[in-house]
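1. predicted model, plus sequence, below.
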Amino acid sequence: MSYQFQKMPEEKVFKDPVHRYIHVRDQLIWDLIKTKEFQRLRRIKQLGTLYLTFPSAEHSRFTHSLGVYEIVRRMIDEIFRNRPAWHNEDRPLALCAALLHDLGHGPFSHCFEKIFNTDHEAYTQAIITGDTEVNAILSRVHPGFAQEVADVINKTHKNKLVISMISSQIDADRMDYLQRDAYHTGVSYGSFDMERILRLMRPTEDEVVIKESGMHAVEDYLMSRYQMYWQIYFHPVSRGGEVLLNRCFKRVKVLYEAGYQFKSQPMHLLPFFEDAVSVQDYLRLDETVLFFYLQEWMNEGDAILSDLSRRFVNRDLFKYLPFDGSVITIGELTELFTQAGIDPEYYFVSDAYSDLPYDYDRPGSKNNRKPIHLLTRQDQIKEISTQSVIINSITGVNRMDYKLYYPKEMIVNIKDPAIKGAIINLLNELN
């Protein structure tokens, strides 16, 4: 039997709180799990700084990646098998892309990306196609297989069905992280009837569609996603942790570029400062490394870096207020902070975020989202918002929110009463 279809003598099983069990019978998948690049995901938190708000949110990209693999395995082995549009020779491609889709996530994921201008999807593809253990194993299938897996993750592969299984508006990735993140944060928002959705999924040549009778389960899924974003992922305290970490990394970068002599040189970050990052440089970074540096920076001579690091490590977060996005208010407060001797670049931060629960690419739209399609009883394909009143009501609706973050105790300690009063009055107007 060729390597891509080779079975293990005995099935391996992972116990999992979301799927109960994750089953591995394919030698290819087991070999990928054992690589150092995949094992590194144990040291990358799935939810970045959210543990500062939800203390049990300590799960990793490793467990999420296994969960996505398991959902795709079930799609193939339990739902798609023997259906005309599914070709079982695509099974290794779908399983490998599902397992490896988050391979390139860095420490604290999106926060790290903003400061050091990295892209986890690009690094995922680079790790898969580069000089790595993962690439060596994928290349046993055939010389071009690693590139095919990377192309699925990049959404450029010719097999649109496999892409939609892993990356669409109702895919294995979202179905796993919504449930997994809800479980580990202790909330019920991410719950939906995945079993019914899976059972009513049907493969076509270009995408996965849902039988019309599953429409209400999809409604529930989309509303769960909406609630998770606004109640969990966009939680203002969690965002505050990300804001603080962002400013900490920014300060380190500014100091390095200014020739500052660190007491403990951040060797792992030098390639990022110098914009000369190799795949191996990237793989050496994980959250244990960055936590080490954060604790070292608490003792640096630079007062701002020391303070920001201390705040993050000890969870002494900035306070926050909602505001309307007014540039005038931001400008006034920035000037007042400067006059008070508080550097607004690090201690006065505006944060904006938005979410589009459901939309699709149509004339006049500004996105490239593929719609969720229903398969009707007459075997017609219908875009879901034309059939669902609930989904139609949220289609194309982009909700935004703004927050201001600042250190309250620094304002209390401002010596000039006029400046202090002006800042407090402006902040009170926003509250």
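-> Happy to help now that I have it. Predicted model, so just to flag it, every value in this text is computed and none were measured.
2. show me the shaky parts of the protein.
-> Scanning the chain for pLDDT under 70 picks out 362-368.
3. surely residue 217 is in contact with residue 200?
-> Yes - if you go by Cβ atoms under 8 Å, residue 217 and residue 200 touch, sitting 7.3 Å apart. Bear in mind the C-beta positions are built from the backbone N, C-alpha and C, glycine included.
4. buried ones in whichever strand or helix holds residue 121?
-> Using DSSP states H and E, residue 121 sits within helix 120-129. Neighbour counts over helix 120-129 (16 or more other Cβ atoms under 10 Å) mark 120, 121, 123, 124, 125, 126, 127, 128, 129 as buried.
5. hmm, who's touching whichever helix in the chain runs longest?
-> For the chain, the helix with the greatest residue count under DSSP state H is helix 236-257. By Cβ atoms under 8 Å, 6 or more residues apart in numbering, the residues outside helix 236-257 that reach it are 48-50, 52-54, 108, 110-112, 114-116, 232, 262, 266, 269-270, 273, 294, 297, 302, 304-305, 308-309, 311-312, 315, 317-318, 320, 345-346, 349, 351, 353, 403, 405.
6. just the CA coordinates for that helix, please, in PDB.
-> Provided in PDB are the C-alpha atoms of helix 236-257 (Å, rounded to 0.1, in the frame of the first residue of the first chain):
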ATOM      1  CA  PRO A 236     -12.600  44.600  26.400                       C
ATOM      2  CA  VAL A 237     -10.400  43.200  29.300                       C
ATOM      3  CA  SER A 238      -8.900  40.600  26.900                       C
ATOM      4  CA  ARG A 239      -8.300  43.300  24.300                       C
ATOM      5  CA  GLY A 240      -6.700  45.300  27.000                       C
ATOM      6  CA  GLY A 241      -4.100  42.600  27.600                       C
ATOM      7  CA  GLU A 242      -3.400  42.500  23.900                       C
ATOM      8  CA  VAL A 243      -3.000  46.300  23.800                       C
ATOM      9  CA  LEU A 244      -0.500  46.100  26.700                       C
ATOM     10  CA  LEU A 245       1.500  43.400  25.100                       C
ATOM     11  CA  ASN A 246       1.400  45.200  21.800                       C
ATOM     12  CA  ARG A 247       2.900  48.300  23.400                       C
ATOM     13  CA  CYS A 248       5.500  46.200  25.200                       C
ATOM     14  CA  PHE A 249       6.800  44.700  21.900                       C
ATOM     15  CA  LYS A 250       6.600  48.100  20.200                       C
ATOM     16  CA  ARG A 251       8.800  49.600  23.000                       C
ATOM     17  CA  VAL A 252      11.400  46.800  22.600                       C
ATOM     18  CA  LYS A 253      11.500  47.400  18.800                       C
ATOM     19  CA  VAL A 254      12.000  51.100  19.200                       C
ATOM     20  CA  LEU A 255      14.700  50.700  21.800                       C
ATOM     21  CA  TYR A 256      16.600  48.200  19.600                       C
ATOM     22  CA  GLU A 257      16.400  50.600  16.600                       C
END
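7. immediately after that helix, which helix or strand?
-> Immediately after helix 236-257, counting by DSSP H and E, sits helix 270-273.
8. residues of that next one that come out buried?
-> For helix 270-273, by 16+ other Cβ under 10 Å, it's 271, 272.
9. again with stretch 287-296
-> Residues of stretch 287-296 classed as buried by neighbour count (16+ other Cβ under 10 Å): 287, 289, 290, 293, 294.
10. equivalent analysis for stretch 331-343, please.
-> Under the neighbour-count criterion of 16+ other Cβ under 10 Å, stretch 331-343 has 333, 336, 337, 340, 342 buried.
11. how about residues contacting the longest strand along the chain?
-> Longest strand in the chain by number of residues (criterion: DSSP state E): strand 7-16. Residues from elsewhere that reach strand 7-16 (Cβ under 8 Å, 6+ apart): 1, 21-27, 30, 63, 66-67, 70.
12. give me the buried positions along whatever helix or strand comes next after it.
-> Beyond strand 7-16 on the C-terminal side, the first helix or strand identified by DSSP H and E is strand 20-26. Neighbour-count burial for strand 20-26, counted by 16+ other Cβ under 10 Å, picks out 22, 23, 24, 25, 26.
13. how far off centre is strand 20-26?
-> When distances are taken as Cα atoms, centre = their mean, to the nearest Å, strand 20-26 is centred 24 Å away from the chain's centroid.
14. measure how that strand sits relative to strand 7-16, angle-wise.
-> 160 degrees (axes from the mean of the first three to the mean of the last three Cα atoms, to 10 degrees).
15. who are the packing partners of strand 20-26?
-> For strand 20-26, the packing partners by 3 or more Cβ pairs under 8 Å, 6 or more residues apart in numbering; DSSP states H and E come out as strand 7-16, helix 61-74.
16. and the nearest residue to residue 60 once chain neighbours are set aside, backbone torsions?
-> Among residues not flanking residue 60 along the chain, residue 42 sits closest, at 5.2 Å (Cβ to Cβ, 6 or more residues apart in numbering). Dihedral pair for residue 42: phi -60, psi -20, per degrees, to the nearest 10.
17. the one 3 residues further on now?
-> Dihedral angles phi and psi of residue 45 (degrees, to the nearest 10) take the values phi -70, psi 140.
18. just give the number of residues close to it.
-> Counted with other Cβ atoms under 10 Å, the neighbours of residue 45 add up to 20.
19. test my guess that it contacts residue 62.
-> No - contact criterion Cβ under 8 Å: residue 45 and residue 62 do not qualify, at 10.2 Å.
20. give the closest residue to residue 124 in space, chain neighbours not counted.
-> Using Cβ to Cβ, 6+ apart, the nearest residue to residue 124 is residue 104, at 3.3 Å.
21. actually, residue 30.
-> Nearest one to residue 30, counting by Cβ to Cβ, 6+ apart, is residue 24 at 5.3 Å.
22. contacts only, for residue 370.
-> Residues in contact with residue 370 (Cβ under 8 Å, 6+ apart) are 164, 168, 169, 207, 360, 361.
23. swap that for residue 235, please
-> Taking Cβ under 8 Å, 6+ apart as the test, what residue 235 contacts is 50, 53, 54.
24. PyMOL command for the buried members of those?
-> Selection of buried members from the contacts of residue 235 for PyMOL, criterion 16+ other Cβ under 10 Å:
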select buried, resi 50+53+54
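25. okay then, goodbye and thanks.
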